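*Asks:* sequence below, structure please.
(2 chains)
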Amino acid sequence: MTQLLKMAFRNLGRNRRRSLLSALAVAMGLALLVLMASFVAGEIQGTLTNTIRLESGHLQVRAASYDENKVSLDWKDLVADPASIVAQLQSLPEVQVASPRLIASGIVTMGDQSRGVQVIGIDPASAANLPFQQGLVAGQFLQPDDREGVLIGKPLADKLKLSVGDQINLLVNLSDGGVDQQLFTIRGIYTTNTSSYDENTVFLPLAKAQAFTGAQDHASTIFVMLQNRDQAPAVAAAVQSPGFQVLTWEKMNELVVQLEDFANAYMVILYLIVLGITATVVTNTLVMAVYERTREVGVLAAIGMKGRSIMTEFLFEAALLATGGVIGGLILGSLVVAYFAHYGFYIGNYGISGMLLGDAIYPVLTLQNLVVLAVITYVITLVGSLYPAIMAARMEPVEALHAQ
Amino acid sequence: MEVTKVIDATRDFKVGEVETHALRGINLSVGSGEFTALVGPSGSGKTTLLQLIGLLDQPSSGSVLINGKDATHLNRDQRADLRRASIGFIFQFFALIPTLTAYENIELPLLLNGVKPAERRARVAEMLEAVGLTDRAHHRPDQLSGGQQQRVAVARALSIRPSMVLADEPTANLDTENGRQVMEIMQRLNRDTKTTFVFATHDPRVIKYANRVVTLRDGLVVEDNGNGRKPSGK
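*Replies:* Reported below is the predicted structural model:
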């Protein structure tokens, strides 16, 4: 075996350029797979993180009859006395922060331009709203007792050519089914680097939103962040009570979770296509080697080397090529992923209903992905080399010896 | 003792619609220690006969025996096993493995036969000395002259101490001096080790080294000076 391995290693050196190019093809194929897998993982993870951080939280407590698609402000669909529920939730050790939010539909008008928006009343002092405070790019954050201030997203500000201090007309639906409008002053402009969210969401202090919409001291939902998102099902079960629905992040983000499964299945097809092309390169290299060394194969057979040993020697050559290619691919792929993981890959406003995709993708490389892809690449390369190896093993010595 | 015996062997080749009868019924017996030349013009069948004796090919009809055992219908692996243990080859084109040194080329058949390291080292050293290439042991074929490569091939063929060595036009690619040296080495080793040599050639300078000459023409043995042979048993 050692002799066969030695021969295989030296045979690769007979045409170094070809061997290097073949290994490079394997490396590029694997690097591409690593990149694709990391981008998909990063996109899914980023989307989930965004959605949890900005919209769903780890848990939400709502009135049993509340439907987020209808954005009802009817008191029967809202949570009464949200403050006491928040206090009860905050007393749980698993809960990091709980905060009430009122959600309404609205239209922002500036001159002859208007945009439909989601109006969210928030408690500016709550840590749950830190992402918006930390995302301020201009002006100041809201104050709890502000009656005329509004926080808008940067994309919306850019589209309507608004700045801090400008006034906008905000029209909202009311709890009694009517509508009302008022001039608001832009206190601050924020960004969460999620264009689809920032362009369609404006914030008011909760008290103002409740008064403006007629919701009084009601809230659409209690937004809850936990110490660990894995605790969500247990906490949801613990706080569930009649008249309320308690939703976990998994339930609220079913689309994203399903998308992850779909993406993984789709990626398998792409993997096979990429690896098929890569394996073809190695197969071609070895077929050429077999044809070039036909007479040599005949000599080996003549001195008594059996077909399976001849086949093993060629498989060793493929294995060495695959090893070099896999190592190179892992290094190359990891480096590219590391670069984009740091700087991000800008995709812009890629809004999909029900999902908050960030403006940039930050790929995530997992050890599982690395190992699985490396093994698959290795195996498929070896499978691709079976044809030339078997071809060499089955040569009749007398025919091989007479080859030119 | 008979090392090889060919009984009524024929070998036909079909290329497209054309059928060629390379051998038309060969009967030949080679004893232990012989130094036999198969001679004849191109197309006479000497290389084909050598291939049958060496189990590189199988007859279309007839039999081939090696050391008394019928090897006619062995499968590919079984023929490889028999070649590995009993038959050495020397080719016109030297046929060394280019990525292995002289030492490693001679060692290869010993490795294939599972010879232990210490004995391998001893035999390789012995063979290198026998062909006068001890100082070239770690040179690769592209660092050796044609004559030196063929001497390595001779050493490789004999390293396993075979029953017989088959050489197909061993001097065809050598100049006169190198060809003389190779033949003298083969003759000396035949004498010293009593290994049977059978070689195919049409070179009259080579034929003179043989103590038996079998002449082929059109796939048949037309002359055999077997009376002139001086077989010496092992």
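*Asks:* so B:Ala200 sits in a strand?
*Replies:* Yes - B:Ala200 sits within a strand when classified using DSSP: H, G, I helix; E, B strand; the rest coil.
*Asks:* how near is it to B:Ile87?
*Replies:* Going from B:Ala200 to B:Ile87 by CB to CB, to the nearest Å gives 14 Å. Quick note: C-beta positions are derived from backbone N, CA and C, even for glycine.
*Asks:* quick one, grab the pLDDT at the closest residue to B:Leu96 other than its chain neighbours.
*Replies:* Among residues not flanking B:Leu96 along the chain, B:Pro141 sits closest, at 4.4 Å (CB to CB, 6 or more residues apart in numbering or on different chains). pLDDT recorded at B:Pro141 is 94.
*Asks:* then A:Ala322?
*Replies:* pLDDT at A:Ala322 comes out at 92.
*Asks:* contacting residues for it?
*Replies:* With contact set as CB atoms under 8 Å, 6 or more residues apart in numbering or on different chains, A:Ala322 has these partners: A:Val26, A:Val282, A:Thr377, A:Tyr378, A:Thr381, A:Leu382.
*Asks:* backbone dihedrals for it, please?
*Replies:* Backbone geometry at A:Ala322, expressed as degrees, to the nearest 10, gives phi -60, psi -40.
*Asks:* quick check: closest non-adjacent residue to whatever residue of chain A ends up closest to chain B.
*Replies:* Residue nearest to chain B within chain A: A:Gly304 (2.4 Å; CB to the nearest CB). Closest residue to A:Gly304 apart from its sequence neighbours, by CB to CB, 6+ apart: B:Arg84 at 2.4 Å.
*Asks:* I'd assumed A:Val224 was in a strand, is it?
*Replies:* Yes - counting by three-state DSSP, A:Val224 is found in a strand.
*Asks:* so who does it touch?
*Replies:* Residues in contact with A:Val224 (CB under 8 Å, 6+ apart) are A:Gly57, A:His58, A:Leu59, A:Gln60, A:Val61, A:Leu89, A:Val95, A:Val97, A:Ala98, A:Val235.
*Asks:* count of neighbours near the fourth one?
*Replies:* Yep, that's A:Gln60 we're talking about. Neighbourhood size, A:Gln60 [other CB atoms under 10 Å in any protein chain shown]: 25.
*Asks:* am I right that B:Leu100 is in a helix?
*Replies:* No - assessed with three-state DSSP, B:Leu100 is coil; it does not lie in a helix.
*Asks:* what's the separation between the residue nearest to A:Gly304 and A:Gln182?
*Replies:* To A:Gln182, B:Arg84 is 98 Å away according to CB to CB.
*Asks:* low-scoring stretches of chain B, by residue?
*Replies:* For chain B, the stretches flagged by pLDDT under 70 are B:227-234.
*Asks:* for it, which residue gets nearest to chain A?
*Replies:* B:Arg84 (2.4 Å).
*Asks:* quick check, that residue in contact with B:Leu110.
*Replies:* No - applying CB atoms under 8 Å, one finds B:Arg84 not in contact with B:Leu110, separated by 10.1 Å.
*Asks:* what do these two both touch?
*Replies:* Taking CB under 8 Å, 6+ apart as the criterion, B:Arg84 and B:Leu110 both touch B:Ile160.
*Asks:* avg pLDDT for whichever strand in chain A runs longest?
*Replies:* For chain A, the longest strand by residue count, based on DSSP state E, is strand A:95-110. Mean per-residue pLDDT for strand A:95-110: 94.
*Asks:* next SSE after that strand?
*Replies:* Sequence-wise, the next helix or strand downstream of strand A:95-110 (DSSP states H and E) is strand A:113-122.
*Asks:* now that following strand, how far from the centre of its chain.
*Replies:* Strand A:113-122 sits 27 Å away from the centroid of its parent chain (CA atoms, centre = their mean, to the nearest Å).
*Asks:* other SSEs contacting the helix or strand harbouring B:Val213?
*Replies:* Applying DSSP H and E as the criterion places B:Val213 in strand B:212-217. If you count contacts as 3 or more CB pairs under 8 Å, 6 or more residues apart in numbering or on different chains; DSSP states H and E, strand B:212-217 packs onto strand B:35-39, strand B:220-224.
*Asks:* list the contacts for the residue nearest the centre of chain B?
*Replies:* Most central in chain B under CA atoms, centre = their mean is B:Leu166, positioned 1.0 Å from the mean C-alpha point. By CB under 8 Å, 6+ apart, the contact list for B:Leu166 reads B:Leu50, B:Ile53, B:Gly54, B:Ile87, B:Gly88, B:Phe89, B:Ile90, B:Val198, B:Phe199.
*Asks:* surely it forms part of a helix?
*Replies:* No - with three-state DSSP as the criterion, B:Leu166 is assigned strand and is not in a helix.
*Asks:* quick check: nearest residue in space to B:Ser42, chain neighbours excluded?
*Replies:* B:His202 (7.1 Å).
*Asks:* which ones are touching the closest residue to A:Phe345 other than its chain neighbours?
*Replies:* Spatial nearest neighbour of A:Phe345, chain neighbours left out: A:Ile361 (4.6 Å); criterion: CB to CB, 6+ apart. Shown in contact with A:Ile361 (CB under 8 Å, 6+ apart): A:Phe39, A:Gly42, A:Glu43, A:Gly46, A:Phe340, A:Gly344, A:Phe345, A:Ile347.
*Asks:* quick one: distance of the helix or strand containing A:Val202 to the chain centre.
*Replies:* Secondary structure from DSSP H and E places A:Val202 in strand A:201-205. On the basis of CA atoms, centre = their mean, strand A:201-205 sits 27 Å off its chain's mean C-alpha point.
*Asks:* quick check: buried residues in the helix or strand following it?
*Replies:* Counting by DSSP H and E, the element after strand A:201-205 in chain order, helix or strand, is helix A:206-213. For helix A:206-213, the neighbour count (16 or more other CB atoms under 10 Å in any protein chain shown) marks A:Leu206, A:Ala207, A:Lys208, A:Ala209, A:Gln210, A:Phe212, A:Thr213 as buried.
*Asks:* what angle sits between helix A:206-213 and strand A:201-205?
*Replies:* Going by axes from the mean of the first three to the mean of the last three CA atoms, to 10 degrees, helix A:206-213 is angled at 100 degrees with respect to strand A:201-205.
*Asks:* I'd like to know which elements helix A:206-213 is packed against.
*Replies:* Helices and strands touching helix A:206-213, by 3+ CB pairs under 8 Å, 6+ apart, are strand A:95-110, strand A:113-122, strand A:167-173, strand A:179-190.
*Asks:* need the residues that contact it.
*Replies:* Contacts of helix A:206-213 (CB under 8 Å, 6+ apart): A:73, A:100-102, A:104, A:119-123, A:144-147, A:172-175, A:180, A:182, A:204, A:215-219.
*Asks:* now the buried members of the residues you listed.
*Replies:* Buried by 16+ other CB under 10 Å: A:73, A:100-102, A:104, A:119-123, A:146, A:172-173, A:175, A:204, A:215, A:217-219, out of the contacts of helix A:206-213.
*Asks:* still on that earlier bit, just the element for the residue nearest to A:Gly304, please.
*Replies:* Using DSSP H and E, B:Arg84 maps to helix B:76-86.
*Asks:* what packs against that helix?
*Replies:* Using 3+ CB pairs under 8 Å, 6+ apart, the elements in contact with helix B:76-86 are helix A:307-343.
*Asks:* in chain B, where's the longest helix?
*Replies:* Using DSSP state H, we find that the single longest helix of chain B is helix B:176-193.
*Asks:* list the buried residues for that one?
*Replies:* For helix B:176-193, using 16+ other CB under 10 Å, the buried residues are B:Asn178, B:Gly179, B:Arg180, B:Gln181, B:Val182, B:Met183, B:Ile185, B:Met186, B:Leu189, B:Asn190.
*Asks:* just stretch B:9-24 next, same as before
*Replies:* B:Ala9, B:Thr10, B:Arg11, B:Ala22, B:Leu23.
*Asks:* how many neighbours does residue 95 have?
*Replies:* All of this is about chain A. Neighbour count for A:Val95, taken as other CB under 10 Å: 20.
*Asks:* sorry, should have said chain B
*Replies:* 24.
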